[in-house]
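>>> Sequence and computational prediction follow.
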Amino acid sequence: MTVLVTGGAGYIGGHMALALLDQGEEVVVLDNLSTGFAWAVPPAAKLIVGDFGDSALVDQIFADHRIDAIAHFAAKIVVPESVSDPLAYYLNNTAKARNLLECAVKAGVKQFIFSSTAAVYGEPAENPVFENVALAPINPYGRSKLMVEWMLADVAAAHQLRYVVLRYFNVAGADPAGRLGQSSPVATHLIKVAVQAALGHRDGLDVFGTDYPTPDGSCVRDYIQVTDLVDAHLLALAHLRAGGGSLTCNCGYGRGLSVLEVVEVVKKVSGVDFEVRLKGRRPGDPASLVAGADRVRQELGWTPKHDNLAEIVEQALSWERRLHNRKAG
Ligand SMILES: NC(=O)c1ccc[n+]([C@@H]2O[C@H](COP(=O)([O-])OP(=O)(O)OC[C@H]3O[C@@H](n4cnc5c(N)ncnc54)[C@H](O)[C@@H]3O)[C@@H](O)[C@H]2O)c1
Ligand SMILES: O=c1ccn([C@@H]2O[C@H](COP(=O)(O)OP(=O)(O)O[C@H]3O[C@H](CO)[C@H](O)[C@H](O)[C@H]3O)[C@@H](O)[C@H]2O)c(=O)[nH]1
């Protein structure tokens, strides 16, 4: 059987495509290359360049391939951009997901893994935050994803489709074998920005907000290494294929690190004391988000292998060097 990976030319979907191929699966990647790269798709996967909201195209993919599961990564993912252009997020992340689900139901695809986000929690009253708290996203990005979670629950109740929703916290690092990493042309994620600053590819780093109600005033996040996260998807796929029921799990390590702590680790691992500018808050940022991560361990048997920020930063540094040389070469 074949797995359809939407967004498989992007950061996390690309690592998923690699991992699926590593375990001998057939992989079809559907990606419009809006933020992804054709070169990031492993050659053994079939890349179809197109939009996952294009129902005629998706129907054709289901007709041409024996797809038993969809891993849906494709989305717009930048929180501040969702604040300035919410309709683009509701179209790409929500409305098009509805079309994809309709095609899946029509084609009888019964297994669906969805990339959700810690942003569905908004500003949780307590951290770590567990899956069963009331959901109150504070930005359009989080709301655009939460609506897909709701659609999935309704579709699963009405049809034979079962799902695993994985709510990722902050994803970072790269394939330990060095085959792939985060490649987005305009970096906005903290660790990637910090690594670029350390390598002199950008002029220092701005810290967005130092007056949050956190120990050092900067935002606290739970950084999860990308292949650990992909392992949770492989386990989710096995769970669904074994007939397991629909499930929603946080994906994080259950450990919070502040922006200033992350910056210190990047400086230490790189050995570069790059410029850090303390700035005002960025729109849409919650103060703290740390995963209550028991369920993914208990229900899916997940055990992380790379829960170490220095290792994650080292991977990000070495990928960024490779990416830079590739561009220069
Ligand atoms: N990176 C994180 O820290 C993080 C955290 C939580 C959740 N997520 C979720 O993980 C998923 C993957 O994120 P990523 O970091 O790999 O982002 P990414 O931008 O690297 O990958 C997204 C991919 O989707 C493709 N895409 C976007 N819209 C499309 C469309 N309409 N049709 C076809 N392809 C389309 C892009 O070209 C890109 O290759 C997203 O759903 C995101 O919301 C990411
Ligand atoms: O140059 C930078 C970049 C980021 N930050 C700060 O670092 C923290 C982390 O920011 P990121 O942009 O790396 O990540 P976010 O927490 O905003 O969002 C990420 O994780 C979320 C879930 O927690 C979402 O899922 C989203 O897709 C994903 O981008 C935030 O406080 C942000 O303000 C800086 O101070 N300077």
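Yep, that arrived. In this text the structure is predicted, and so the values were computed from the model without any measurement. Ligands and ions are numbered 1, 2, ... in the order given.
>>> OK, contacts around residue 256?
Residues in contact with residue 256 (C-beta atoms under 8 Å, 6 or more residues apart in numbering) are 127, 128, 220, 221, 222, 288, 289, 290. In short, each C-beta sits where N, CA and C put it, glycine included.
>>> how about the fifth one, what does it touch?
Okay, so that is residue 222. So residue 222 contacts 118, 128, 169-170, 252-257, 289-291 (C-beta under 8 Å, 6+ apart).
>>> can you rerun that using 10 Å?
118, 127-129, 168-170, 250-257, 288-293 (C-beta atoms under 10 Å, 6 or more residues apart in numbering).
>>> same deal with the fourth one?
Residues counted as contacts of residue 221 (C-beta under 10 Å, 6+ apart) are 118, 169-170, 172, 190-191, 252, 255-259, 262, 285-286, 288-291.
>>> helix or strand for the closest residue to residue 16 other than its chain neighbours, which one?
Excluding its sequence neighbours, the residue lying closest to residue 16 (C-beta to C-beta, 6 or more residues apart in numbering) is residue 230, at 5.2 Å. Per DSSP states H and E, residue 230 falls inside helix 226-241.
>>> That helix close to ligand 1?
No - Helix 226-241 lies out of reach of ligand 1 by C-beta under 6 Å from any ligand atom, never closer than 8.3 Å.
>>> Next SSE downstream of that helix?
Per DSSP H and E, the first helix or strand lying C-terminal to helix 226-241 is strand 247-251.
>>> same question for that following strand, mean pLDDT?
Average pLDDT, strand 247-251: 98.
>>> Now do the helices in the stretch 51-200 of the chain.
For the stretch 51-200 of the chain, the helices defined by DSSP state H, counting those that start in this stretch occupy 55-64, 79-84, 86-89, 96-107, 140-158, 190-198.
>>> Buried ones in the longest one, by neighbour count?
By neighbour count on 16 or more other C-beta atoms under 10 Å, the buried set for helix 140-158 is 140-149, 151-152, 155-156.
>>> Closest one to ligand 2 out of those residues, please.
residue 141 (6.4 Å; C-beta to the nearest ligand atom).
>>> List the contacts of the nearest residue in space to that closest one that is not next to it in sequence.
In space, residue 141 comes closest to residue 82 once its chain neighbours are excluded; the distance is 3.7 Å by C-beta to C-beta, 6+ apart. By C-beta under 10 Å, 6+ apart, residue 82 lies in contact with 76, 88-90, 93, 119, 139-145, 283-284.
>>> Near ligand 2, list only the ones from those.
Restricting the contacts of residue 82 to contacts with ligand 2 (C-beta under 6 Å from any ligand atom) yields residue 119.
>>> wait, does stretch 250-258 make contact with ligand 1?
No - judged by C-beta under 6 Å from any ligand atom, stretch 250-258 stays clear of ligand 1, getting no closer than 8.4 Å.
>>> quick check, that stretch touching ligand 2?
No - no part of stretch 250-258 sits near ligand 2 under the criterion C-beta under 6 Å from any ligand atom; the closest distance found is 8.4 Å.
>>> Which positions within that stretch qualify as buried?
Buried residues in stretch 250-258 (16+ other C-beta under 10 Å): 250, 251, 252, 253, 254, 255, 256, 257, 258.
>>> Among these, which one sits closest to residue 204?
Distance to residue 204 across these (C-beta to C-beta) is lowest for residue 258, with 18.1 Å.
>>> pretty sure the closest one is touching residue 218, no?
Yes - using C-beta atoms under 10 Å, residue 258 is in contact with residue 218, at 4.6 Å.
>>> so what's in contact with those two at the same time?
Common contact partners of residue 258 and residue 218 (C-beta under 10 Å, 6+ apart): 207, 210, 212.
>>> hang on, the first one in a strand?
It stands for residue 207. Yes - under DSSP: H, G, I helix; E, B strand; the rest coil, residue 207 falls within a strand.
>>> Could I get the contacting residues of residue 237?
3, 16, 19-20, 23, 25, 68-69, 71, 111, 113, 164, 300.
>>> Give me the neighbour count for residue 29.
Residues near residue 29, counting by other C-beta atoms under 10 Å, number 29.
>>> Would you mind giving the secondary structure of the closest residue to it other than its chain neighbours?
Nearest non-adjacent residue to residue 29, counting by C-beta to C-beta, 6+ apart: residue 8, 3.2 Å away. Assigned with three-state DSSP, residue 8 falls in the coil class.
>>> now residue 8: how far from residue 113?
12 Å (C-beta to C-beta, to the nearest Å).
>>> swap in residue 285?
On the measure of C-beta to C-beta, residue 285 and residue 113 end up 27 Å apart.
>>> Can you pick out the residue with more neighbours from these two?
Neighbour totals were compared for residue 285 and residue 113, and residue 113 leads with 23 against 20 (other C-beta under 10 Å).
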